[in-house]
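Asks: sequence unknown, structure follows:
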């Protein structure tokens, strides 16, 4: 198990416990340490969703765009599309989130609904 994997697991635990600042810190570090596109897409999607939960809507949109870049180009993961759904909801009505929202909607529309899960 890599350090970035451990950090992501710590982040998930912190998020479930409502400690968003710890979760955001761990996921930011995991993204910095990651070396594969799949891991980066995963950590960025989790970071986007966690930022949305924490009310950090601009960060949610920015990290969501980065995750979508990877999901569009090199990584196919309906699960991560589902993970980003919370960020999509959070950026509704936020001007800085419009680009993310449009891109997310297009990707979600092209992904079979039965495959999308959070």
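Replies: Happy to help now that I have it. All of these numbers come straight from a predicted model, not from anything done at the bench. Numbering: from 1, shown residues only.
Asks: neighbours of residue 92, how many?
Replies: Residue 92 has 10 neighbours, counted by other CB atoms under 10 Å. Placement of C-beta: from N, CA and C, glycine included.
Asks: quick one: it and residue 101 touch, right?
Replies: Yes - at 7.0 Å, residue 92 counts as touching residue 101 under the criterion of CB atoms under 8 Å.
Asks: what segments of this structure are helices?
Replies: Assigned by DSSP state H, the helices in the chain fall at 3-16, 20-33, 37-53, 57-73, 78-83, 85-90, 98-110.
Asks: pick the most deeply packed of those helices.
Replies: Mean neighbour count (mean count of other CB atoms under 10 Å) peaks for helix 37-53 among the helices of the chain, with a mean of 24.
Asks: centre-most residue in this structure?
Replies: Centroid-nearest residue in the chain, with CA atoms, centre = their mean: residue 45, separated by 1.5 Å.
Asks: show me what contacts that residue?
Replies: Listed by CB atoms under 8 Å, 6 or more residues apart in numbering, the contact set of residue 45 reads 63-64, 67, 71, 80, 83-84.
Asks: re the thing from before, and the helices of the chain as TSV, adding mean pLDDT?
Replies: Formatted as TSV, the helices of the chain follow (pLDDT from 0 to 100):
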stretch	mean pLDDT
helix 3-16	96
helix 20-33	96
helix 37-53	96
helix 57-73	94
helix 78-83	92
helix 85-90	95
helix 98-110	92
